[in-house]
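Engineer: here is a sequence together with a model predicted from it:
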Amino acid sequence: MTLRQLAAILRPAAPQRAALRLPRLSGRPALQLALLAAALTLLLALAEAAGLGARRPMARVDMAAPEAALVVRGFHAPERDGARGFRWSAGASEVRLLGVGVGGVPVLGLRLGAAAADRPAPGLTVGLG
């Protein structure tokens, strides 16, 4: 027995890899197109499931609108500054939006005015749930 034969016997065997054999699609454009469409459909479904196509519902409360009275408490009567409506808070005030955050992460945007110069800035608390 030669040294090479002995080394070949003692050398650990390399792990075998399974070969993935794909069918040849050349000359079958209809099948290629169908497989491509199926793969794209699967990718789009996975992207939607992963939330890449998530849409956030948006609700806007015009504080000067009559409907705002349904969700606000502790505010003075509505006023307008051009097209923008607002209300001054009257001490402890609250805006209650029901169903916020159902089906996703809530995002809240506020446009706050400055307090009067002779008064301290009011506190603001935001709660969910």
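Structural biologist: Everything's here; your move.
Engineer: residues in contact with stretch 84-93: which ones?
Structural biologist: 62-65, 68, 72-80, 113, 122 (CB atoms under 8 Å, 6 or more residues apart in numbering). Using the backbone N, CA and C atoms, a C-beta is placed for each residue, glycine as well.
Engineer: can you select the buried ones among those for me in PyMOL?
Structural biologist: Only the buried entries of the contacts of stretch 84-93 go into this PyMOL selection, using 16 or more other CB atoms under 10 Å:
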select buried, resi 63+64+68+72+75+78
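Engineer: buried residues, stretch 34-41. List them.
Structural biologist: Buried residues in stretch 34-41 (16+ other CB under 10 Å): none.
Engineer: CA atoms only: put that stretch into PDB for me.
Structural biologist: As requested, the backbone C-alpha atoms of stretch 34-41 are provided in PDB (Å, rounded to 0.1, in the frame of the first residue of the first chain):
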ATOM      1  CA  ALA A  34     -46.100  30.800 -15.900                       C
ATOM      2  CA  LEU A  35     -43.400  30.000 -13.400                       C
ATOM      3  CA  LEU A  36     -42.200  33.600 -13.300                       C
ATOM      4  CA  ALA A  37     -45.800  34.800 -12.700                       C
ATOM      5  CA  ALA A  38     -46.200  32.300  -9.900                       C
ATOM      6  CA  ALA A  39     -43.000  33.300  -8.200                       C
ATOM      7  CA  LEU A  40     -43.900  37.000  -8.400                       C
ATOM      8  CA  THR A  41     -47.300  36.300  -6.900                       C
END
